Structure formats: structure tokens, C-alpha cells
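Novice: Here is the input, now give the coordinates:
(one chain, ligands or ions: 1)
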Amino acid sequence: MLMRKVPGFVPASPWGLRLPHKFLFLLFLSGLVTLCFGALFLLPNSSRLKRLFLAPRTQQPGLEVVAQVAGHPLTREQESPPNPAPAAPAPGEDDPSSQASPHRRKGWPRRTRPTGSREEATVARGSGVVVLRPQEESIRSSFDFNAFRSRLRHPVLGTRGDESMEPQSLVRTQREKIKEMMQFAWQSYKRYAMGKNELRPLTKDGYEGSMFGGLSGATIIDSLDTLHLMELKEEFQEAKAWVEESFHLNVSGEASLFEVNIRYIGGLLSAFYLTGEEVFRIKAIQLGEKLLPAFNTPTGIPKGVVNFKSGSNRSWGWAMAGSSSILAEFGSLHLEFLHLTELSGNQVFAEKVRNIRKVLRKIDKPFGLYPNFLSPVSGNWMQHHVSVGGLGDSFYEYLIKSWLMSAKTDTEAKDMYYEALEAIETHLLNVSPGGLTYIAEWRGGILDHKMGHLACFSGGMIALGAEDAKEEKRAHYRELAAQITKTCHESYARSDTKLGPEAFWFNSGREAVATQMSESYYILRPEVVESYMYLWRQTHNPIYREWGWEVVMALEKYCRTEAGFSGIQDVYSKVPNHDNKQQTFFLAETLKYLYLLFSEDDMLSLEDWVFNTEAHPLPVNHSDSSGRGGG
Ligand code: DMJ
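Specialist: Okay, the predicted model is just below:
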């Protein structure tokens, strides 16, 4: 409708306001808006609101390592939303995560699992163009795989000396037999349980368990390097394809920090170092980030359990009523976490384990011993139970291996190892009336005269560390390693099945045997054959291959079933009572160590590799370029 202009009449606005009023009202309104918007940025703890308004790229400058390489299988996977930011430490508490790191110093945010914008990823997928943010670019290019391989002293799989000289040798036949066992274990798993964590060979199905927070495929990840080593190429490709297509990290359960680290992270890292396949590196780093909330404690000593969904953490209920972290668990992260930093360029992983080292270095140790339970809140020992078996074992292993993996530069780890070993010798080492050397368990000064199967790795560890001890101790440590390994062999030899029990005692006239049914089981554990492998490499005494072969025969006789290998419930009964579990470490460790026992010394040479506690080989950090092997 056309308004007719009437002199002296100013038409009212639709709201009935005249022009000066309207102007004043607009002025007031714009002031109000400016004030509110500004408040979003000035009020404390406004980060959530900022997130609503700022582009994701601005708020998250990229600790994330999601591969956005077009065509890469990872680009097809929708990962879970980012974990919540780690909880801030309580006022006045030392925040280990605030230690200097290049990233942090430059003002990088705390969040360790940020995401890129979905739009950005979509564009990358849609256009087929590689879209990497600057930080991802540096992560991508921070590790030179070819340079790494050229620094190795030996070809990864060795020179195969005996094969070319003796094509039909006994040792070759033995190795082939072990390879066949691996193939059978893998194929059984694939047939009945592909994608599940473990195979149950009696019921012919899969089992997920509760240690991995909803992650699947533990057997696959644990098997990758063994398959590669044995040149089971088709099987390796099956495993790799599963990782590419079906290994999803968007899970939300509670996981064991230790188990995920040694099996999944260790397995992925090894698979990467052996093959150079990016998928393994990227998955390892992504999974490593998911473990970081476990470290949000006042001391930085991680708790044993991390919740993948909420990012909360807790200690195991059985660990001093939920108050303690376990020495073997928080003490067995060092090797893998240093490699996560090496492969990602992200210092956060190395900082976390260096802090653990710092805490352990400072704390008082009763008689130089490391008890198994430590409060992650106070940093105090919670009980004086010391063991080189369960709860303590791999902490000692990681000290000597940190020294070796650092190409013998980490003198702190070396000193800690030899000091700990001296204390163990002084307070825990015993010789039975029958002449068997064993490492007992210590409870505030009282000894339990028993050794767990787990403690049998120590023969190999002491052999491995013997050469870097003080000159006057070297021969002694070699002999000690041999004696402990002999004792562990006795625990096998004295059973009806020639497989060893979970724990064996030295008292009441009985030696190296279990004293109760509840300790008589064998769950396909590797520690005894692990020691045979190290002792073989050190001495070339044929007895270790003989003993190893006895184990192979016993496994075949008592543990092989129609659909895979199974543990047994009583090593003292020739009628096998299977436990219906093919443990992942059987493929990762037991079969790998057996295979290496019957291989040349330069296959995964100890000059180039250290094995994590799940037998996943991680490379020594040779910084010079005098490598000869590479291949
Ligand atoms: C493995 O998972 C590792 O070797 C760990 O350190 C201890 N136990 C099992 C095998 O027995």
C-alpha cells in the first residue's frame, strides 16, 4: 500500500517508534550484543563456548594423527569423537603433563586427541587430494623409514646361513615344524574366531575378554610380526587387511593400560618397523593417545585401567583395595612410549615415561628393592611385596632393555638395572638343598620359597644384561642366568607332560614342583622358552635347543586340539584337561621365541632389536650410519 506523505506528520515504524527512538533502541541493542559476545571470551572457563564459535582448526592445532591421505584405508574409518580433555591436577599438585615439551612451550593445547574438522576430512575423501594440516605433515615426515633401515647392522631376517649350506638340516626341519604350528594356530583362529580377541579351540568360537576396552583382534595384532618373521605371507596379508578394514578404535570400554600397550601398541609398532606400512604406525599412535588419560594422577604414575569413553582412570580393585598402581604395569611402558614419540614427533609419550622414571629414581627403596604396589596419588609404596615374577617382572626387563634400545646411552636405566639386580641377588636369590638356583618372593623380609612361571624370563634377562655388567661380574651373571634357566627347565622336566606349572616351590623336600592343584596349570606361556632363546644366542650350548624341542613335542602332544592350541589345567596329568583358550601370547611369544631358537643369530639380531615384554621387536636407536644390513 502506498503511504501518502502528510506535512508535519512523521509516520510511526511498524513497532510504533519514531526515528530518534528507533535509533536509540538500535544503539542499545548493538551494545548489548557486543557485551554478551565479549563475555564469552572474558569469563573464566569459556572454552566450551569458544568451541561453539571458533572453527575447529583454530582450536585444535593438530596433535591428532588421523591419516587424511586419500585412498588410505584410515580415511574411510569414522573415529570416535575426541576424548574429553585430561582432568586438571588438583591445586598444588605437580602436573607431569606440564613439563616442558616443544609443543607445549609453543602454547599447544593440552588435549591429546583433538579432531580435525569433519568438513576438512570429507573434502579430502571426496576430492582424492591429500589434505594434511601442518602438524600432521610434520608427523608424517618426521620418521625416515629408509634411513632407519639403512642403520641396521644386519638384514632383518638374517642371512639364512644354514639354509643355503644345509638345506635338509635338522634345525631347518625343526624350524619348519614350528612354522607349521604357527600356521595351524593362525588358521584355527581365522576359521573360528577371526576378529575376536582370542580363539576358544574346544568350543570353536571367539572370546573378547575384558582387558582391552572393547578393542578387538588382539590375536591378529599380536601375530603380525611372527607371521612376517616366518614368511607366512598370505597369512600376514590377511592380518594386515583386517587391521586396515576392521580394526576400529572408536570403542568405549575400560582397558588395561599395560595389556593394550604391550600387545596392541607393541604389535603395531613392530609391524611398522618390520614392513614400513603406514597403517601400523598411525594406528599405534592413535591408540597411544587413547591411553594418555591413565596418566592423569597427582604423581603422573598411571593407574592400571583407563576408560576409553570418559577418559577417566582407576586402579585395579585387587591392587590394595584400588589404591595402587602395579610396578610391572607402569614400569613396562618405556620402550613403546619412546617409539611412539619417535614415530609421531609428539613428545608427550616420552614425557610420560620419563616422569615415571623420575619418580622411581627418587623414592626410597627398602634394601634397594622395588615393591610391587605404589600409590599413584602419594607416590609411596603401599606394601613391601617384591617379586621378579608376576606384578614386578617386566619392570626389571624394561630397565636393561631401555639401556640396550638407547644404543647404550641411557645410563640411568643401566644403573637402575644393575642396582636392582644386586638387591635381588642379596635378598631374594637362593639355592635349594638339591642345588637348584631360584629367585624367591619377598614379603617385608620374609621369603616365599617359590618361583612363578612368569619369573622364568629372568634367566634370559640376566643373560642379556651380562655383557654390560662390570667386568668382574660378567661371568657370574652368565652363570646365574644359566642356573636359573636350568631350574625353570627342571620345573618342566619334573612334570608328567614336560610342560611347567604356573608356580613351583622349594620346600618340604619338594623342589621345582607345584604343591597345589591351583598352581598346576600351563596356559601356553613363553617365559621358559624365552630364556632358552637368549641362552642359546649367548652360549650356543645345544642343550637349549634340546630343551626347546622337548617343549615343542609336549605342546603338540598335550596342547594341540582339533581347532587350535589350548592351555591345560594340570601339567601333572597325562590326560589333558584343556582350558579352552589359545592365548594371544602363544602366537606372539611362545612360537616366536621357539622359531628364533632354531634360527640363525642374525635373524632379528640382538644388536639391532630389543623385544618388548610381549616379544614384539623394537629397533635399537642407532644414531650413526654405520649400518650394514638394512634389508
Ligand atoms: C605376556 O603377556 C607378557 O610376557 C607379560 O609380560 C607377562 N605375561 C604374558 C605371558 O605369560
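Novice: quick one: the strands in the stretch 401-550 of the chain?
Specialist: With DSSP state E, counting those that start in this stretch as the criterion, the stretch 401-550 of the chain has strands at 429-431, 437-439, 441-443, 446-448, 450-452, 503-507, 510-513.
Novice: What does Lys309 show for phi and psi?
Specialist: Phi and psi for Lys309, reported as degrees, to the nearest 10, are phi -80, psi -50.
Novice: I'd guessed it sits against Gly253; true?
Specialist: Yes. Counting by C-beta atoms under 8 Å, Lys309 does reach Gly253; the two are 7.5 Å apart. Quick note: C-beta positions are derived from backbone N, CA and C, even for glycine.
Novice: show me where the stretch 201-350 of the chain has strands.
Specialist: Counting by DSSP E, counting those that start in this stretch, the stretch 201-350 of the chain has strands at residues 205-207, 254-256, 305-307, 313-314, 325-326.
Novice: Just list the residues touching the residue positioned nearest the centre of the chain, thanks.
Specialist: The centroid of the chain falls nearest to Asn261 when counting by C-alpha atoms, centre = their mean (2.0 Å). Counting by C-beta atoms under 8 Å, 6 or more residues apart in numbering, Asn261 makes contact with 291, 332-333, 336-337.
Novice: mind giving me JSON lines with those and columns for pLDDT, neighbour count and distance to the ligand?
Specialist: Below are the contacts of Asn261 laid out as JSON lines (pLDDT from 0 to 100; neighbours: other C-beta atoms under 10 Å; distance: C-beta to the nearest ligand atom, whole Å):
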{"residue": "Leu291", "pLDDT": "98", "neighbour count": "28", "distance to the ligand": "16"}
{"residue": "Ser332", "pLDDT": "98", "neighbour count": "26", "distance to the ligand": "7"}
{"residue": "Leu333", "pLDDT": "99", "neighbour count": "27", "distance to the ligand": "12"}
{"residue": "Glu336", "pLDDT": "99", "neighbour count": "28", "distance to the ligand": "12"}
{"residue": "Phe337", "pLDDT": "98", "neighbour count": "22", "distance to the ligand": "16"}
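Novice: before we move on, back to that, ok, which of the strands of the stretch 201-350 of the chain comes nearest the ligand?
Specialist: strand 254-256 (10.5 Å; C-beta to the nearest ligand atom).
Novice: And that closest one, what does it pack against?
Specialist: When contacts are defined as 3 or more C-beta pairs under 8 Å, 6 or more residues apart in numbering; DSSP states H and E, strand 254-256 packs onto strand 305-307.
Novice: Which secondary structure elements does the strand it packs on sit against?
Specialist: strand 254-256, strand 313-314.
Novice: ok now the shortest one, how far from the chain's centre?
Specialist: A distance of 18 Å separates the C-alpha centroid of strand 313-314 from that of its chain, computed with C-alpha atoms, centre = their mean, to the nearest Å.
Novice: May I have the strands that pair with that strand, each with its orientation?
Specialist: Here strand 313-314 is paired, per DSSP bridges, with strand 305-307 (antiparallel).
Novice: Next, count neighbours for the residue of the stretch 401-550 of the chain found nearest the ligand.
Specialist: The minimum distance from the stretch 401-550 of the chain to the ligand, using C-beta to the nearest ligand atom, falls at Arg525 (3.9 Å). Each residue near Arg525 was counted by other C-beta atoms under 10 Å, and the total is 23.
Novice: Kindly confirm whether my reading is correct that it touches Leu454.
Specialist: Yes. Judged on C-beta under 8 Å, Arg525 makes contact with Leu454 at a distance of 7.3 Å.
Novice: Now do the helices in the stretch 351-500 of the chain.
Specialist: Taking DSSP state H, counting those that start in this stretch as the test, the helices found in the stretch 351-500 of the chain are 393-405, 411-427, 458-466, 471-493.
Novice: What parts of the chain come near the ligand?
Specialist: 394, 454, 525-526, 585, 589, 613-614 (C-beta under 6 Å from any ligand atom).
Novice: one step back: looking at the helices and strands packed on strand 305-307, which is buried most?
Specialist: Comparing the helices and strands packed on strand 305-307 by mean neighbour count (mean count of other C-beta atoms under 10 Å), strand 254-256 ranks first with a mean of 22.
Novice: who's in contact with whichever residue of the stretch 301-450 of the chain sits closest to the ligand?
Specialist: For the stretch 301-450 of the chain, the residue closest to the ligand is Ser394, as judged by C-beta to the nearest ligand atom, at 4.5 Å. By C-beta under 8 Å, 6+ apart, the contact list for Ser394 reads 262, 328, 331-332, 457, 613.
Novice: biggest separation within the residues you listed, which pair?
Specialist: Maximum pairwise distance in these, criterion C-beta to C-beta, is 14.0 Å, between Gly331 and Phe457.
Novice: before we move on, the earlier item: please identify which of the residues of the chain next to the ligand is nearest to Val388.
Specialist: Using C-beta to C-beta, Leu454 comes nearest to Val388 of the residues of the chain next to the ligand, at 8.5 Å.
Novice: list the contacts for the closest one?
Specialist: Leu454 neighbours (C-beta under 8 Å, 6+ apart): 389-390, 393, 525, 527.
Novice: Excluding chain neighbours, what is closest to it?
Specialist: Nearest non-adjacent residue to Leu454, counting by C-beta to C-beta, 6 or more residues apart in numbering: Gly389, 4.3 Å away.
Novice: Now that neighbour. Its backbone dihedrals?
Specialist: phi -90, psi -140.
Novice: Touching, it and Ala455? I think so.
Specialist: Yes. Gly389 lies in contact with Ala455 (C-beta under 8 Å); the separation is 3.4 Å.
Novice: circling back: let's see which of the contacts of Ser394 end up in helices.
Specialist: Using DSSP state H, Ala328 are the members of the contacts of Ser394 that sit in helices.
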